[in-house]
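1. 3D, please:
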Amino acid sequence: MRIVVAGGTGFLGAPLVRCLRAEGHLVTVLTRRPHGAGQVGWNPATIAGPWALAVEAADAVINLSGESIAGARWTRSRKAALRASRLDATRGLVAAMTQGSRTPAVFLNASAVGIYGPHDDEEVTEATPPGDDFLSSLAQEWEAAALAAATSSRVVLLRTGIVLDREGGALAEMAMPFSFMAGGPLGTGRQWMPWIHRDDWIAMVTWALTTAAVSGPLNLTAPNPVTNREFAQTLGRALRRPSFMPAPAFALRLVLGEMATMILTGQRVLPAKALALGFQFQHPTLAQALQAIYARRSRVQ
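-> Alright, predicted model coming up:
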């Protein structure tokens, strides 16, 4: 299969590309700074050039482009940058897909479980309606831009939770306080954390790519979400560190501003569609996932 991946050089994209190539697919990576074989420079504002021709020739397109939600306070300019990084890339890809002489059969577009907004203890599935906060509104616009391709391609909306692996992402930052014996829950610790091991995330994306029954929203989360307190306790055990030092909610709001909402609220997200269609998780529980991650790190060291 000829596959184009936009955003194929980051924490999720790079290992996904390696996996797809190992399975025998011909993968072209769209990046703003190409530096190797199989990479093509792109500017989604201009629907022309080698990148658009690669999209037109592809059997499938995967879009993972978008600036990280974390890392800086959500100022007005920061929110605008987050929105532009997602919508511009998605709209550019959809335009290239739909205006060419040949249309890719499948379009997988990144999204996030933040679309649901806070839900306390309520179980959340793909049928749950969206929320109305900043993250929810951003994800709704993002998904709407991707669904413009649904008239000619099967569209899958990859609603991703917290992806765990040792090489980057959220886990390294969450584990850092434990190194100083200062790990613990954030705020009340009662908020739910929809997580997934990166290996399962990659497996679910490749499964969705080739499973015709998968379309529309797809929750990429493990089947056993945990509360923030449970996460801290399980991570502490995996690292053999205490997990009793809480981070007060007011301090997080003081430091992070509106972005603290992402940490202090959560969703009890279940991968209902994947389970119904028979997807098998390698790491269904957090203890199993962290054991695999830190055991692998020990072997590497």
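
2. going forward, measure contacts between C-alpha atoms and count neighbours the same way
-> Will do.

3. Can you show me the CA trace of stretch 86-94 as CSV?
-> The C-alpha trace of stretch 86-94 is given here as CSV (Å, rounded to 0.1, in the frame of the first residue of the first chain):
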residue,chain,number,x,y,z
ARG,A,86,-4.2,21.6,12.9
LEU,A,87,-6.7,23.2,10.6
ASP,A,88,-4.2,24.4,7.9
ALA,A,89,-2.6,21.0,7.6
THR,A,90,-5.9,19.1,7.5
ARG,A,91,-7.5,21.4,5.0
GLY,A,92,-4.5,21.3,2.8
LEU,A,93,-4.4,17.6,2.7
VAL,A,94,-8.1,17.3,2.1
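
4. tell me the phi and psi of residue 223?
-> phi -80, psi 0 (degrees, to the nearest 10).

5. Please look at it and residue 284 and confirm they touch.
-> Yes: with contacts counted by CA atoms under 8 Å, residue 223 reaches residue 284, the gap being 5.9 Å.

6. Between those two, point out the one with more neighbours.
-> The neighbour comparison of residue 223 against residue 284 (other CA atoms under 10 Å) goes to residue 223, with 22 against 18.

7. residues in contact with that one?
-> With contact set as CA atoms under 8 Å, 6 or more residues apart in numbering, residue 223 has these partners: 270, 271, 284, 285.

8. do residue 93 as well
-> For residue 93, the contact set (CA under 8 Å, 6+ apart) comprises 44, 52, 55.

9. give me phi/psi at it?
-> phi -60, psi -40.

10. Check the gap between it and residue 4 for me.
-> Using CA to CA, to the nearest Å, one obtains 10 Å as the distance from residue 93 to residue 4.

11. any common contacting residues for those two?
-> With CA under 8 Å, 6+ apart, residue 93 and residue 4 have common neighbours residue 55.

12. Name the nearest residue to the residue located most distally from the centre of the chain, sequence neighbours excluded.
-> Going by CA atoms, centre = their mean, the residue of the chain most distant from its centre is residue 101, 30.8 Å out. Nearest non-adjacent residue to residue 101, counting by CA to CA, 6 or more residues apart in numbering: residue 56, 7.1 Å away.

13. quick one: which helix or strand includes the one you found?
-> Remark: residue 56 resides in helix 50-57, with elements defined by DSSP states H and E.

14. From the contact counts, what lies against the helix or strand that that helix is followed by?
-> Downstream of helix 50-57, the next assigned helix or strand under DSSP H and E is strand 60-63. If you count contacts as 3 or more CA pairs under 8 Å, 6 or more residues apart in numbering; DSSP states H and E, strand 60-63 packs onto strand 2-6, strand 106-112.
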